[in-house]
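1. Model the structure of this input:
(chains A, B, C and D, ligands or ions: 4)
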Amino acid sequence: MRGPPMRELTLSKAVNEAIAEEMRRDPSIILMGEDVAEAGTPFKVLSGLVEEFGPERILDTPISEPGFTGIAVGAAMTGMRPIVDLMFGDFLFLVMDQLCNQAAKTHYMSGGKLSVPMVLRTNMGATRRSAAQHSQSLHALVAHIPGLKVAMPSSAYEAKGLLKSAIRDADPVVIFEDKLMYQDKAPVPEEEYLLPLGKAEILREGRDISFVATSSMRQVAEAAAARLAEDGVSAEIIDPRTIVPLDEETILASVRKTGRVIVIDEGHQSFGVTAEIAARIAEKAFYHLDAPVGRMGAMDVPIPFSPALEDLTVPTPERLVERAMASLRGEPVHGA
Amino acid sequence: MRGPPMRELTLSKAVNEAIAEEMRRDPSIILMGEDVAEAGTPFKVLSGLVEEFGPERILDTPISEPGFTGIAVGAAMTGMRPIVDLMFGDFLFLVMDQLCNQAAKTHYMSGGKLSVPMVLRTNMGATRRSAAQHSQSLHALVAHIPGLKVAMPSSAYEAKGLLKSAIRDADPVVIFEDKLMYQDKAPVPEEEYLLPLGKAEILREGRDISFVATSSMRQVAEAAAARLAEDGVSAEIIDPRTIVPLDEETILASVRKTGRVIVIDEGHQSFGVTAEIAARIAEKAFYHLDAPVGRMGAMDVPIPFSPALEDLTVPTPERLVERAMASLRGEPVHGA
Amino acid sequence: MTLTDAPGAANAKNAERYLRLYRQMTKIRAFEDNANALYLSGKMPGLTHMYSGQEAVAVGICEALETRDKITSTHRGHGHCVAKGAAFKEMFCELLGKAEGYCRGKGGSMHIADQANGNLGANAIVGGSAGIATGAGLTAKRLGTGDVAVCFFGDGALGQGLLYEVMNMAALWSLPVIYACENNLYGEYTKVEEMAAGALTARAAAFGIETHTVDGQDVLAVNRLAESLVARARRGEGPFFVVLETYRYHGHHVGDINREYYRSKAEEAEWKSGRDPITNFGKWLVAEKIATAEELDGIGEAIRAEAEAAVEYALAAPYPGAEEVAMHIYAGSAHA
Amino acid sequence: MTLTDAPGAANAKNAERYLRLYRQMTKIRAFEDNANALYLSGKMPGLTHMYSGQEAVAVGICEALETRDKITSTHRGHGHCVAKGAAFKEMFCELLGKAEGYCRGKGGSMHIADQANGNLGANAIVGGSAGIATGAGLTAKRLGTGDVAVCFFGDGALGQGLLYEVMNMAALWSLPVIYACENNLYGEYTKVEEMAAGALTARAAAFGIETHTVDGQDVLAVNRLAESLVARARRGEGPFFVVLETYRYHGHHVGDINREYYRSKAEEAEWKSGRDPITNFGKWLVAEKIATAEELDGIGEAIRAEAEAAVEYALAAPYPGAEEVAMHIYAGSAHA
Ligand SMILES: Cc1ncc(C[n+]2csc(CCOP(=O)(O)OP(=O)(O)O)c2C)c(N)n1
Ligand SMILES: Cc1ncc(C[n+]2csc(CCOP(=O)(O)OP(=O)(O)O)c2C)c(N)n1
Ligand SMILES: [Mg+2]
Ligand SMILES: [Mg+2]
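-> Ligands and ions are numbered 1, 2, ... in the order given. From the prediction side, this is the model:
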């Protein structure tokens, strides 16, 4: 965050700007999804785009997620750069075939002759009282499929820079915005910038323990780090930004320095992102670890509607502080 | 394998027997899928069932995977116990919404009032020269979704015993048969038996290193263990049998004993099953580990058709022996 | 006013039935008015979709069903739930995430279900219950129960391919399913004609399914058609497909306040003043001397009082305890 | 024999075009005969689906297309590939997994593609390319190229909901797409009438799409219809839907030898002797004096010799090197 002073933008506005800038630059970009035009999506992220780019480039579709994702794949293979808007990340289950059997594999299966430069923008994040089918964080599923890239911005700044890179990328990229962060503001430069896919960011330097935190878990990590600082514990925070490609080196370097680490992600803990990152750390920084690698994902339960229950399912700063202290004492730290 | 001598059955026949026995016992069981009746599936696994149970219980469906999976969910909610035959595991992508948004969550979302006792039988396994859309091992995806149980039999014996338990289970169970093992024989008792979901099996006892191997990776582990034995290395082999629920205790006990472990699974390595099991071991057996937890999954590439390439993508006994030796020397062991 | 039952003597005989139709519609309206108020006053978590205006559809159909018949519902599901026999208290408790809700607060508005009365649940995936309803029909046919399943869905759900897959199977197998398409002219913020090419009924006629279109504001017309189709479906003459022409009075969801960009106030006023299903049916009841205006007012007041009492009860009712978060993931043995 | 071009003078003028149709069909048959032999002699890895019998469909349609027009193909895709202009050598190399194959051996029979000639690829997911073809149509419309996209698929693909989703969008947006449904009476081992309720053309007519049915064994009838629809689609009058009545001579795949349980030898013999598209067209060419029987024999022999030479070449050609296994996962920067 060095350089000239920046204006503050909401994540929503940052996404909107990224798309508008790219669409001005490249006429092959189109955007499609449900209620993306006049309505600008239920989250109003895309407001104004149809006025500037017209309904030929901002396409309102029927409620046909597999269909319009498939159409995007074909459009991408033939010269367009489609951005697909998937209203809720939970609908990924509907488009898995087109995304994972088609988009992800086309370049490889064709021996490099065809490619699918498309972006699938969707969201993640619980605690909105939206219940089990509108609250999931399903990024681990797509991260498992070779051929897809997966971005998880943790701020307006990242959302814009990563989305612009994703749009220019030659491959299918799935980008997960945390729907609870759409109104969160962050400094965003006036000038154009891109953030590379595959480069993690050290958000906070520290000596005693590393937190590897994706998306909004950055906020959990930052809050926990602030509290730990009061007790004289210095936490380092790494934001991977993209989980595919994963910038293993930045993560490992941090862990080799601190000797302790907790990986925090909002997807279900089991068979999720914390598992992959923790396993890589445990293997490749084995001789530098002073305590077991800790993991905090969402509980392995469908997201309950009741506010009394939902908040229990996701990592919180309090629980992260507790686990960090346990790690510093050398105890195993597991479970959401 | 104690007790009276057993006949040898192919995995295919064992599955057929499990279904036939259960259908005789419980009239609420129906089976549905493409070409399951007269054709008995392309793998001929179900031959003869329609003759015994009739086309009312063995239902040939159109090529509508999302549709018939959804119908199975509804049938299960209203009193049937449907077994869905999904011809290739790669088609899981088509049924993810019905499986993960509906079947998996119904019991929880209804506060325990509705349930979905169904089985989805499908397959996994590469090296059949079937290319990228007919070779995937996608069990990690469903393992990530709370509410589903996931079984991975490693022999005819397990296939029968686990399938019978899955059919009787009150929850949706996804069972992955390795399509390359359909003709593999193993001793299977004449008498009825069930294998519990959630109980791992120690296939071979050993002192020096543990192999945790799922499905056909059992064969890789067994071949490697035999070669290592020639060099005086004693490997223990654990077969989790089900990855959800995962019998963590049996795995951890083995690792605490041997101090060394390699997890072998045929899904893509990144964000796959080896990650979860390795991460749990690394966390919970941390103070017992003499070397980093090793992982061997399939390469993170779409499965190539060419025989010259396909065989490179999956774990082999040779590579496992190498990695075991590296582990014994204390070197990190990673990658497929 | 186009209420279509024959005038005069026959009506006296059916007075009880008519008053029940009136009461059920009034209950739905009262429920929704309270739900809307709860949301607007910040007492209801999440958001919800009002059924007001569409009462004659749910009531006209559900009054033709027995308790043992099954329905599947949608995100706009309160009306179906009331019409199928649910009680206010348990419904409001569910909407507020309380333990006494039909789903112990775990489902909320979008997943409310009422198993005891044959309501298999609302669904937050548009079209997501088409398979479930068809599966319920399969169960009925297979067990020979004579039960019928009604699949409620909106015009927007015609965009989902799943619907076509299951209608094909329902037609092939002559299942006792009624596909009830509530055409309220919009899917979210988009007009039906922008989302659906061709005639709506042709979508089912393509599978050889008998189709009907009916005025969804005329509870008697809906009920008469439903009685006949239900009876025929019980005799094995199904499936059927019905388009019910109707209108939602509120926004897409409770937060959709400024909606003139997609539909005019004039249009809303026209439907409300000229085609209100409750007002019109009330007038008819008075004209036919089945009830006096005062009696109808009395019914309305009693129901509104009942609703308010239920709201008070639900507001004061306890949330589920923290231990419930990990309950109901599995119906069978717990996840290890 | 129902060949339908006007006799006499006009034909002389079109002789070159007619002979090209004949040659293209003969090429497909020769390709398939060799592919089948390769499989039966154990020289071909995996398995494959023969197009023999259906030649008039692919050729009749593709001859109406320009190179720049796009097609998507199926698991039974060799015919489409040849018809769209592919060369034997690269095709056989692909079937054998050799580096000179169209996809460098990575795709194989089920994923063969030919980007340079506008073939976006075979697909191993039934119906899986419906979105891709429609997306190609969207690109054509958006860029105003006047290109047309043809989506080839089998009768079995009518079971896939995706098709209905994309046909709806194609109709809403007037895309230049021709949906070519090759009704060869079977999907795997099941008759079309057991899989599809209602009339096949009604499936598209439901979306207001103009539909046609044509004798798929009559190359001139197919070609004449295709010429007209392609021209109209270029003018923005699309989409169109065509059912082509045809027959596959071989089993579902090369290994499907004993097939009397689902179709009779008599039926096969009838189609082969009475309705062979090549024989009948050959007879017509002779009757119309466009070629002599000897000339046609000469054409057949030359093509067969060419095919055999290509097989020899492909058998001797090198496999891709091991390094290629990790190439082409991403078109952009490599996966970290
Ligand atoms: C698969 C899926 N896509 C999108 C949504 C978001 N969404 C919720 S309701 C709705 C509109 C549904 O329209 P319709 O079926 O006509 O029902 P109505 O709201 O008019 O009752 C949409 C797009 C969803 N819940 N599920
Ligand atoms: C989604 C999907 N389901 C099932 C299969 C297995 N399968 C391959 S071909 C086939 C039959 C296809 O029939 P049809 O579309 O009529 O094509 P045909 O083989 O007759 O050319 C099936 C079921 C598949 N490849 N993809
Ligand atoms: Mg609607
Ligand atoms: Mg066919």
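
2. what's near enough to touch the closest residue to chain B within chain A?
-> Per CB to the nearest CB, the residue of chain A with the smallest distance to chain B is A:Ala282, at 3.4 Å. Heads up, the C-betas are built off the backbone N, CA and C, glycines and all. Taking CB atoms under 8 Å, 6 or more residues apart in numbering or on different chains, we find A:Ala282 in contact with A:289, A:292-293, B:278-279, B:282-283, B:292-293.

3. Let's see which of those end up in helices.
-> Mapping these onto helices (DSSP state H) picks out B:278-279, B:282-283.

4. between the residues you listed, which has the most around it?
-> Neighbour tally across these (other CB atoms under 10 Å in any protein chain shown): the maximum, 32 neighbours, falls on B:Ala279.

5. centroid residue for chain C?
-> Among the residues of chain C, the one closest to the centroid is C:His80, at 2.7 Å (CA atoms, centre = their mean).

6. How about that residue, nearest residue that isn't a chain neighbour?
-> C:Ser73 (4.0 Å; CB to CB, 6 or more residues apart in numbering or on different chains).

7. quick one, what contacts that neighbour?
-> C:80-81, C:112, C:119-123, C:129, C:152.

8. Apply 6 Å and report the result again.
-> Residues near C:Ser73 by CB atoms under 6 Å, 6 or more residues apart in numbering or on different chains: C:80, C:122, C:152.

9. now the closest residue to A:Ser216 other than its chain neighbours: how far from A:Thr122?
-> Residue nearest to A:Ser216 in three dimensions, not counting chain neighbours: A:Asp178, with 4.2 Å by CB to CB, 6+ apart. Per CB to CB, to the nearest Å, A:Asp178 is found 11 Å from A:Thr122.

10. Of these two, which one has the most company?
-> Taking other CB under 10 Å, A:Asp178 and A:Thr122 do not tie; A:Asp178 has more neighbours (26 against 23).

11. mind checking pLDDT for the more buried one?
-> Predicted confidence (pLDDT) for A:Asp178: 98.

12. For it, give the beta-bridge partners.
-> A:Asp178 has the following beta-bridge partners by DSSP bridges: A:Met124.

13. burial of the spatially closest residue to A:Met6 that is not a sequence neighbour, as a residue count?
-> Counting by CB to CB, 6+ apart, A:Met6 lies nearest to A:Pro187, which is 3.7 Å off, once chain neighbours are set aside. Residues contacting A:Pro187 under the criterion other CB under 10 Å number 14.

14. got the contact list for the spatially closest residue to A:Met181 that is not a sequence neighbour?
-> The shortest distance from A:Met181 to any residue other than its chain neighbours is 4.9 Å, reached at A:Leu11 (CB to CB, 6+ apart). A:Leu11 sits next to A:156, A:159, A:181-182, A:184 when contact means CB under 6 Å, 6+ apart.

15. Helices - which of these land there?
-> Among the contacts of A:Leu11, the residues falling in helices (DSSP H) are A:156, A:159.

16. and the contacts of A:Leu11 as CSV, adding neighbour count and distance to D:Gly146?
-> Below are these laid out as CSV (neighbours: other CB atoms under 10 Å in any protein chain shown; distance: CB to CB, whole Å):
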residue, neighbour count, distance to D:Gly146
A:Ala156, 26, 42
A:Ala159, 34, 38
A:Met181, 24, 44
A:Tyr182, 21, 41
A:Asp184, 19, 46
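
17. of the contacts of A:Leu11, closest to ligand 4?
-> Distances from ligand 4 to the contacts of A:Leu11, taken as CB to the ion, are shortest for A:Ala159 (46.4 Å).

18. returning to that earlier point: so how far is chain C from the residue of chain A closest to chain B?
-> Taking CB to the nearest CB, to the nearest Å as the measure, A:Ala282 and chain C are separated by 22 Å.

19. Could you list the low-pLDDT ranges of chain C?
-> C:1-10, C:12, C:333-336 (pLDDT under 70).

20. Chain A contacts on that one?
-> Proximity of chain C to chain A, by CB under 6 Å from any CB of the partner chain, involves residues C:45-46, C:97, C:105-108, C:110-111, C:124-126, C:156, C:159, C:187-190, C:195, C:261, C:319-320, C:322, C:325, C:329.

21. from the residues you listed, which ones fall inside helices?
-> Per DSSP H, the residues of chain C next to chain A map to helices at C:Met195.

22. So among the residues of chain C next to chain A, which ones count as buried?
-> C:45-46, C:97, C:105-108, C:110-111, C:124-126, C:156, C:159, C:187-190, C:195, C:319-320, C:325, C:329 (16 or more other CB atoms under 10 Å in any protein chain shown).

23. How many residues are close by the residue lying closest to A:Asp169 once chain neighbours are set aside?
-> Nearest non-adjacent residue to A:Asp169, counting by CB to CB, 6+ apart: D:Gly332, 5.0 Å away. By the criterion of other CB under 10 Å, D:Gly332 has 17 neighbours.

24. A:Ser210 now?
-> So A:Ser210, with other CB under 10 Å, has 31 neighbours.

25. send the alpha carbons of the helix or strand it falls within over as CSV?
-> If you go by DSSP states H and E, A:Ser210 is part of strand A:209-213. What follows is strand A:209-213 as a C-alpha-only set of coordinates in CSV (Å, rounded to 0.1, in the frame of the first residue of the first chain):
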residue,chain,number,x,y,z
ILE,A,209,3.3,-17.8,14.2
SER,A,210,2.1,-17.7,10.6
PHE,A,211,-1.6,-17.4,9.6
VAL,A,212,-2.4,-18.5,6.1
ALA,A,213,-5.8,-17.0,5.5
